[in-house]
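A.B. asks: fold the following and give me the result.
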Amino acid sequence: MVVFLIRAFIFLASAALGLWIASLIVDGFTITASGFLVAVIVFAVLQSILTPWFLVMSRKYANALTGAVGLVSTVAALFVATLVGDGLTISGTSAWVFGSLTVWIVTMLGTLILPLILLRNRVEKKNAAV
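C.D. replies: Below you'll find the model as predicted:
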């Protein structure tokens, strides 16, 4: 259960970071302060559901597209997140392209780096207790 909660925290934190950074550097990618939490939760939940589904579908019908599953699920999750509430607005083709790429890269790096940081702290605490 603890591992599940840590993974959920990591995924939510990387989604929040990805959306926030995209809103800072991509013109037309806007998140309101009041809708930020809803946008993060909707995006993270959809991303966690859509990624495995797109992976299965790409392996079954278009094996060459398997490498793009993360990016495709990011675009799909962003699209639905823009429809839910008014917290996330993406206007313009370039905002969709660069915003999706930014969120995808940041969430990918976040899910790789955050566990290392959290595990390092956990290992240091165990070593200090011994």
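A.B. asks: tell me where the protein has helices.
C.D. replies: 2-25, 36-61, 69-83, 93-129 (DSSP state H).
A.B. asks: what packs against the shortest one?
C.D. replies: With contacts taken as 3 or more CB pairs under 8 Å, 6 or more residues apart in numbering; DSSP states H and E, helix 69-83 sits against helix 36-61, strand 88-90, helix 93-129. The way it works is simple: take the backbone N, C-alpha and C, and place the C-beta from them, glycine included.
A.B. asks: residue 68 and residue 82, how far apart?
C.D. replies: Between residue 68 and residue 82 the computed distance is 21 Å (CB to CB, to the nearest Å).
A.B. asks: the two - which one has more neighbours?
C.D. replies: residue 82 (18 against 14; other CB atoms under 10 Å).
A.B. asks: now do the contacts for the closest residue to residue 76 other than its chain neighbours.
C.D. replies: Nearest residue to residue 76, sequence neighbours excluded (CB to CB, 6 or more residues apart in numbering): residue 50, at 5.3 Å. Counting by CB atoms under 8 Å, 6 or more residues apart in numbering, residue 50 makes contact with 73, 76-77.
A.B. asks: just the pLDDT for residue 50.
C.D. replies: With respect to pLDDT, residue 50 scores 86.
A.B. asks: how about the one 4 residues further on?
C.D. replies: On pLDDT, residue 54 comes in at 83.
A.B. asks: give me every residue that touches the residue nearest to the spatial centre of the chain.
C.D. replies: When CA atoms, centre = their mean is applied to the chain, the residue found nearest the centroid is residue 15 (3.5 Å). With contacts defined as CB under 8 Å, 6+ apart, residue 15 is in contact with 40, 43-44, 47, 103, 107, 110.
A.B. asks: if you rank those by neighbours, which is first?
C.D. replies: That'd be residue 103 among the contacts of residue 15, by other CB under 10 Å, with 29 neighbours.
A.B. asks: which residues of the protein score low on pLDDT?
C.D. replies: 121-124, 126, 129-130 (pLDDT under 70).
A.B. asks: residue 43 and residue 59, how far apart?
C.D. replies: 24 Å.
A.B. asks: actually residue 103, not the one I typed
C.D. replies: The value you get for residue 103 to residue 59, if CB to CB is used, is 24 Å.
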